[in-house]
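J.: I'll drop the sequence and a predicted model, then ask my questions.
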Amino acid sequence: MLLGSTKFEVNVSVPLVLEYEDAAKRLLGEIPLTEHDVDDILNYICKVANHWKIFYLWRPFLTDPKDEMVLELAVTARCDAIVTYNKADFPGVEIFGLRVLTAKEFLQEIGELP
């Protein structure tokens, strides 16, 4: 398992964890996880992640407010990249020194995929 390894760091904020919880629990019944499973996964992510408080907002920069919280966290945590399946949701974030990668691109970059 890579989560919790030294290959990369995970960063979270309270608003982002709440969004993850809401999104995952909306999928219950469509995914092979129970509510308890979702809670356990989120608890583990919170355990291994760096926790950040967001003190500023420059919204709107992106079109989706839920993506804004990801961008704010990435800037606050001084991340190198945002990993997402929807790269088109993060246009222009390069001005913050961020790259946008798909999960496959990220795993290739850290040597987990050829």
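T.: Sure, I can see it.

J.: if we look at the lowest-mean-pLDDT helix or strand in the chain, which residues are touching it?
T.: Ranked by mean pLDDT, DSSP states H and E, the weakest helix or strand in the chain is helix 65-76, scoring a mean of 94. With contact meaning Cβ atoms under 8 Å, 6 or more residues apart in numbering, helix 65-76 is reached by 11-13, 15-16, 19, 52, 54-62, 79, 81-82, 84, 89-90, 93, 96, 98. Just so you know, the C-beta spots here come from the backbone N, C-alpha and C atoms, and that holds for glycine as well.

J.: mind listing what the spatially closest residue to Val83 that is not a sequence neighbour touches?
T.: Excluding the flanking residues, the one nearest Val83 by Cβ to Cβ, 6 or more residues apart in numbering is Phe106, at 4.6 Å. Shown in contact with Phe106 (Cβ under 8 Å, 6+ apart): Phe8, Ala81, Val83.

J.: burial count for Thr34?
T.: Residues lying near Thr34 (other Cβ atoms under 10 Å) number 11.

J.: give me the beta-bridge partners of the nearest residue to it once chain neighbours are set aside?
T.: In space, Thr34 comes closest to Leu28 once its chain neighbours are excluded; the distance is 7.4 Å by Cβ to Cβ, 6+ apart. On the basis of DSSP bridges, Leu28 takes part in beta bridges with Ile31.

J.: Glu35 is in contact with Leu28, correct?
T.: Yes. Under the criterion of Cβ atoms under 8 Å, Leu28 makes contact with Glu35 at 6.0 Å.

J.: before we move on, back to that, I'd like the distance from the residue nearest to Val83 to Ile31, if you could.
T.: 22 Å (Cβ to Cβ, to the nearest Å).
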